[in-house]
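Undergrad: Sequence and predicted structure, then a few things I'm wondering about:
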Amino acid sequence: MIVLARHGETDDNLPPLRFQGRRDTPLNATGRRQAAALAERLRGEPFAAIYTSNLLRARATADAVGSVLGLEPIVDARLAEGARGRWEGRLMEDVAREEPEAYDAWRRAGGGWRFPGGESLSEHHDRVLAALADVGRAGALPALVVCHGGSIRAVLCSRDARGLDGFHAWEVPNCATVRL
């Protein structure tokens, strides 16, 4: 079994929301409390390994859980959030106002969607699934994988008949878990 967990809150997760992508934003005070609470929620779970995205917000969350479970997180950059290209760091409301057609296309998503100057949803989906396949092949199961909302939604899309057309169908709150 693999359990996915989203990282704790960052300032980019607060209104007004920003496209975070590969920005290496740290957890804020709430995010650190959420990570500690996640660790307590998972205390006693029989995890054999913890994997994490290379981005600071995921690593800090994985470190908090790992310290409680006595496991050292294994970093895998393929678990990172999708590269949001030139939208990274921009307020979502600004992109919606300044690039309404592109923003509307993003809200419709789908496998062919590519962030301007960034990654396509298909590329994001494929690399995260490849990382999870390697986690499964490594054999240290059950495993916790700390990553990002977009990465978790990409995995959920792989299990849904809509595929990547359903990318925006799920809300993945900070420190939420999904059991696969």
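TA: Here it is on my side, so go on.
Undergrad: Can you tell me, leaving aside adjacent residues, what's nearest to the residue nearest in space to the middle of the chain?
TA: Geometric centre of the chain, nearest residue: His148, 1.0 Å, by C-alpha atoms, centre = their mean. Spatially, and ignoring its direct neighbours in sequence, His148 is nearest to Glu81 (3.8 Å; C-beta to C-beta, 6 or more residues apart in numbering). Every C-beta, even on glycine, is put in place using the N, C-alpha and C of the backbone.
Undergrad: on that earlier part again, list phi and psi for the residue nearest to the centre of the chain.
TA: Phi and psi for His148, reported as degrees, to the nearest 10, are phi -130, psi 160.
Undergrad: do you know how far it is from His168?
TA: With distances taken as C-beta to C-beta, to the nearest Å, His148 is found 15 Å from His168.
Undergrad: in the longest helix along the chain, what counts as buried?
TA: With secondary structure taken from DSSP state H, the chain has its longest helix at helix 121-138. Neighbour-count burial for helix 121-138 flags 121-122, 124-125, 127-129, 131-132, 135 (criterion: 16 or more other C-beta atoms under 10 Å).
Undergrad: Which one of these is nearest to Ile74?
TA: Distance from Ile74 was checked for each of the buried residues of helix 121-138 by C-beta to C-beta. The minimum falls on Val135, at 8.7 Å.
Undergrad: Other residues contacting stretch 79-93?
TA: Where contact means C-beta atoms under 8 Å, 6 or more residues apart in numbering, the residues beyond stretch 79-93 that reach it are 16-23, 51-55, 58, 95, 103, 114-119, 121, 123-124, 128, 131, 145-151, 154.
Undergrad: make it 6 Å
TA: Here stretch 79-93 makes contact (C-beta atoms under 6 Å, 6 or more residues apart in numbering) with 16-19, 21-23, 53-55, 95, 115-119, 124, 131, 147-148, 150-151.
Undergrad: Straight-line length of it, end to end?
TA: End-to-end distance of stretch 79-93: 27 Å, with C-alpha to C-alpha, to the nearest Å as the criterion.
Undergrad: who touches Arg57 in this structure?
TA: So, once contact is read as C-beta under 6 Å, 6+ apart, Arg57 ends up touching 7, 10, 25, 27.
Undergrad: which of those has the most neighbours?
TA: Of those, His7 is surrounded by the most neighbours, 31 neighbours in total, counting by other C-beta atoms under 10 Å.
Undergrad: hmm, back to that, per-residue confidence for the residue nearest to His148?
TA: Reported pLDDT at Glu81 in the predicted model: 97.
Undergrad: And Ala109, by the same measure?
TA: The predicted structure scores Ala109 at 83 on the pLDDT scale.
Undergrad: Please name the nearest non-neighbouring residue to it.
TA: In space, not counting the residues next to it along the chain, Ala109 is nearest to Phe167; the distance is 3.9 Å by C-beta to C-beta, 6+ apart.
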